[in-house]
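Undergrad: Just a sequence and a predicted model for now, questions to come.
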Amino acid sequence: MVDYRDGASFISTPNVETVTLQGELEAYGIEALFKKRAGKLSGWIAYSYARSMMRVDSEFPSEQINHGDLYPSNFDRPHNLSIVTNVKINRRLSFSANMVYTTGRPVTYPVSLYYMDGIQFVDYADRNSYRIPDYFRLDLSINLEGNLRERKLFHSYWMLNFYNLTGRQNAYSVYFQNDEGSINGYKLSIFGQMVVTLSWNFKLGNYASE
């Protein structure tokens, strides 16, 4: 696996290989899935625990990352949990909910600023020693079926969806800004509020609804 050197700049470097280092990747994990298909209450629960750790070591300190110790790769998100639930009230009305939780991805934070000969330098923490906030989202959907006549060629239904029901501002990324000599961090969120949609759907086919 390849990672970049400390302080590397890909913008001003024509030869990318001069700012990258070869390393080793260690990955392992376990996953489980539980399903319930029959009855008015159905759904599934999926959970996985997975680690993705890197090591970049060398006899030369300038070619080491985190002193040659293991550190989380950019894709290391240990905990992943998904829960999907469907509840059928009657032949026409049903509800469904979807919950997603994942560990925040690793990130490297700046810890201090200093100046040398009038030039500003940034000092960073160990590689990927911090994480952005964990991701959590809860969705809810209400499904109302249309006329349930048997052998109907045209079948329609309404769906009312609530995306990100709790309005959680999940961080897609983080960035840092120098505000009057102080480093302040900000998170960038996408769909950081609840989104409500109403849709009308239809199916074609000579069948009767259950």
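TA: Alright, I've got the coordinates. Numbers count the residues shown, from 1 in each chain.
Undergrad: mind listing what's buried in stretch 8-27?
TA: Thr20, Leu21, Gly23 (16 or more other C-beta atoms under 10 Å). Yep, even glycine has a C-beta here, placed from its N, CA and C like the rest.
Undergrad: Can you give me the separation between the last one and Ala125?
TA: Gly23 sits 19 Å away from Ala125 when distances are taken as C-beta to C-beta, to the nearest Å.
Undergrad: State the number of residues packed around Thr197.
TA: Per other C-beta atoms under 10 Å, the neighbour tally for Thr197 reads 10.
Undergrad: can I assume it is in contact with Asn164?
TA: No - the pair Thr197 / Asn164 is not scored as a contact, 11.6 Å apart, by C-beta atoms under 8 Å.
Undergrad: show me what contacts Val195?
TA: Phe162, Tyr163, Asn164 (C-beta atoms under 8 Å, 6 or more residues apart in numbering).
Undergrad: 7 Å instead, please
TA: By C-beta atoms under 7 Å, 6 or more residues apart in numbering, Val195 lies in contact with Tyr163, Asn164.
Undergrad: Repeat that for Ala97.
TA: Per C-beta under 7 Å, 6+ apart, neighbours of Ala97: Thr85, Leu138, Asp139, Leu140.
Undergrad: Over to Asp139?
TA: Contacts of Asp139 (C-beta under 7 Å, 6+ apart): Ala97, Asn98, Phe162, Tyr163, Asn164, Leu165.
Undergrad: Name the SS class of the last one, please.
TA: Reducing the assignment to helix, strand or coil with DSSP: H, G, I helix; E, B strand; the rest coil, the entry for Leu165 is coil.
Undergrad: I figured it hits Leu138, correct?
TA: Yes - in terms of C-beta atoms under 7 Å, Leu165 counts as a neighbour of Leu138; the distance is 4.6 Å.
Undergrad: which stretch of helix or strand covers the spatially closest residue to Leu81 that is not a sequence neighbour?
TA: Closest residue to Leu81 apart from its sequence neighbours, by C-beta to C-beta, 6 or more residues apart in numbering: Tyr101 at 4.4 Å. In this assignment (DSSP states H and E), Tyr101 forms part of strand 93-102.
Undergrad: What pairs with that strand, parallel or antiparallel?
TA: Neighbouring strands of strand 93-102 in its sheet, by DSSP bridges, are strand 79-88 (antiparallel), strand 135-145 (antiparallel).
Undergrad: I'd like these laid out as a markdown table, including mean pLDDT and distance to Tyr114.
TA: Formatted as a markdown table, those follow (pLDDT from 0 to 100; distance: least, C-beta to C-beta, whole Å):
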| stretch | mean pLDDT | distance to Tyr114 |
| --- | --- | --- |
| strand 79-88 | 97 | 37 |
| strand 135-145 | 95 | 34 |
